[in-house]
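Engineer: What follows is a predicted structure for the sequence shown.
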Amino acid sequence: MSANSHPAIAPTYPTGWLKWAIAATASLGAILEVIDTSIVNVALTDIQSSVGATLSEIGWIVTGYAIANVIVIPLTAWLGETFGQKRYFVLSLAGFTIASVLCGLSGSLPELVAARILQGLLGGGLLAKAQSILFQSFPPAEQGLAQAVFGVGVITGPAIGPTLGGYLTDNLGWRWIFFINIPFGIAAVAMALLFLPADRPRDRSGPRRSVDWWGIGLLTIAVGSLQTFLEEGEQDNWFESPTIIALAIAAIVGLVLFIWRELTVRHPAVDLRVLRHRSLAAGSIYSAVVGMGLYGTLFAVPIFAQSVLHYTAQQTGLLLLPGALASAATMLMLGKVSSLIDPRWAIAAGSIMTSLVMFSLATLNPDSSSDSLFYPLIFRGVGTVMMFLPLSLATLGSLPPADIPAGSGFYNLTRQLGGSIGIAILTTLLDRRNAFHRSVLSEHLSVYSPETQARLDALTSAFQSRGVDPTTAHQQAIASLDGLLSLQSSILSFSDTFWVVGMAFLASLPLLLLLGKGRKGQAPSAGH
């Protein structure tokens, strides 16, 4: 009798301490990957001077990792099926750790970029595969708490990364932001070997399944071009650059051909048919919005703190830490009661709370202190969790178990791309609005304006009182006034940016009508 002729049986789940050991193993793998997306950002200046790279060249340390991530995430379901879920997870952890060693030992920029791309390819699947493992290891009634344990790392990782990176860079050197992965990577591999259930033997009685090389190639072209377009667009002035235009065309053509290929081939590398589930389709779109808010604000707030409030990298990291801790605490508390509430109401509350936080951040000014940022960032952390955890349950919780690996890969891809799109939009918005506000403010600073002349005279007198000669004092007064103009236009551009993010969350609320309720402890579907 073939495997397919057996009647469907309900899935069995690990019990006792073993299921929590599996949760800890999966979460540790996800945390390693997520932290490495942001830990390197605060060390770029040190790396730049160490390897002798230009500012535009050093950005490829971040870009290469991000591109590799988005390419491999949709392939995780196929890779897990091909190699076996446990074997693929262990190989990913081991490969990620070895690539981290290569990053730390790199002596030149090409070596470091190549090692970072390898690190992204080998570790990119850890996030989606970890979430898939948890959904398959816990019954529906316990999914909330299991996903909360997983979500602690995903939410707090981007905030912990800069803090940890700043500390390691200042005290041990930039290479240690990669070497720190070695002991945790070894521990994660050992835990995975010990605790993850063995892969089921593959049925080799039928014809050998062919590899969808065309699908993999088109995916690489589509998402690789899109990610590079988003990462490099603002720096190259978007469509004024032939390279950016070529990337946009490659992304569109590659995406169209990829979708056509995956929907027509018998054994696709990425099973897009899972999007027939309405909750997954709507949840993935909302996931992109959450990614924009999560990564976008974690991008904008540090820049504001360093450029306007003149914080150091380590001070900026410490500024984000309380919000990360609030996220972790909220995640665990919400995980215990998630089965009792409709996730859509929690997501709506989190979206509204995050919007109000963004509108609050839009009122910041040069006199704002760390106290002015403390509570908004705390509530941002709480609001993000109220969206993230229920959204995972509403999106993936109602899928048949057989579709969870593919669904998880697509869901995590949209959050990653949402973050990239959010950062690209916010970077462009900051630049364009800064130029706009500077132009408007400059119109009011005329040498013929009595107010401007009075301000220049006051500044000139102040510099002269310090012993500066009249000519130099006048030049310093003009420079000082120009600095104030730049500061004010920068603050106004940040205000616009925070308003846009807040409005984006409010505008996305109608998508909640398409989400499911997830499972609340009922028997899962066994038709797989």
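Structural biologist: Now that the structure is in, tell me what you want to look at. Just so we're clear, the structure is a prediction, and the values are computed from it rather than from any experiment.
Engineer: could you pull out the helices for the stretch 101-250 of the chain?
Structural biologist: Across the stretch 101-250 of the chain, reading from the start of the chain, the helices by DSSP state H, counting those that start in this stretch fall at 109-123, 126-137, 143-171, 176-179, 181-195, 213-232, 242-264.
Engineer: tell me what the first one is packed against?
Structural biologist: For helix 109-123, the packing partners by 3 or more C-beta pairs under 8 Å, 6 or more residues apart in numbering; DSSP states H and E come out as helix 44-51, helix 60-72, helix 85-105. C-betas here are computed from N, CA, C, even on glycine.
Engineer: can you redo those helices as CSV with mean neighbour count?
Structural biologist: Conversion of those to CSV gives the following (neighbours: other C-beta atoms under 10 Å):
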stretch, mean neighbour count
helix 44-51, 16
helix 60-72, 23
helix 85-105, 21
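Engineer: Go through these and name the closest to Ser355.
Structural biologist: Ser355 lies closest to helix 60-72 among the helices and strands packed on helix 109-123, at 26.8 Å (C-beta to C-beta).
Engineer: and the angle for the closest one with helix 109-123?
Structural biologist: Taking axes from the mean of the first three to the mean of the last three C-alpha atoms, to 10 degrees, helix 60-72 and helix 109-123 form an angle of 30 degrees between their directions.
Engineer: now helix 60-72: how far from the chain's centre is it?
Structural biologist: Helix 60-72 has its average C-alpha position 12 Å from the chain's average C-alpha position, going by C-alpha atoms, centre = their mean, to the nearest Å.
Engineer: Ok, stretch 256-267 next?
Structural biologist: Distance, centroid of stretch 256-267 to centroid of chain: 27 Å (C-alpha atoms, centre = their mean).
Engineer: and that stretch, which residues are buried?
Structural biologist: Taking 16 or more other C-beta atoms under 10 Å as the basis for neighbour counts, the residues of stretch 256-267 that come out buried are 257-258, 261-262.
Engineer: what's the answer for stretch 262-281, then?
Structural biologist: Within stretch 262-281, the residues that qualify as buried by neighbour count (16+ other C-beta under 10 Å) are 262, 268-272, 274, 277, 279-281.
Engineer: which stretches of the stretch 401-528 of the chain form helices?
Structural biologist: Residue ranges of the helices in the stretch 401-528 of the chain, as given by DSSP H, counting those that start in this stretch, are 404-442, 450-464, 470-507.
Engineer: Export these to CSV and append columns for mean pLDDT and distance to Ala300.
Structural biologist: Formatted as CSV, those follow (pLDDT from 0 to 100; distance: least, C-beta to C-beta, whole Å):
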stretch, mean pLDDT, distance to Ala300
helix 404-442, 80, 6
helix 450-464, 70, 30
helix 470-507, 80, 6
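Engineer: can you redo those as a markdown table with distance to Phe184 and mean neighbour count?
Structural biologist: Listed next are these as a markdown table, based on distance: least, C-beta to C-beta, whole Å; neighbours: other C-beta atoms under 10 Å:
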| stretch | distance to Phe184 | mean neighbour count |
| --- | --- | --- |
| helix 404-442 | 21 | 21 |
| helix 450-464 | 53 | 14 |
| helix 470-507 | 32 | 17 |
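Engineer: Export those as a markdown table, with columns for distance to Leu118.
Structural biologist: Supplementary listing: the helices of the stretch 401-528 of the chain in a markdown table, determined by distance: least, C-beta to C-beta, whole Å:
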| stretch | distance to Leu118 |
| --- | --- |
| helix 404-442 | 18 |
| helix 450-464 | 54 |
| helix 470-507 | 33 |
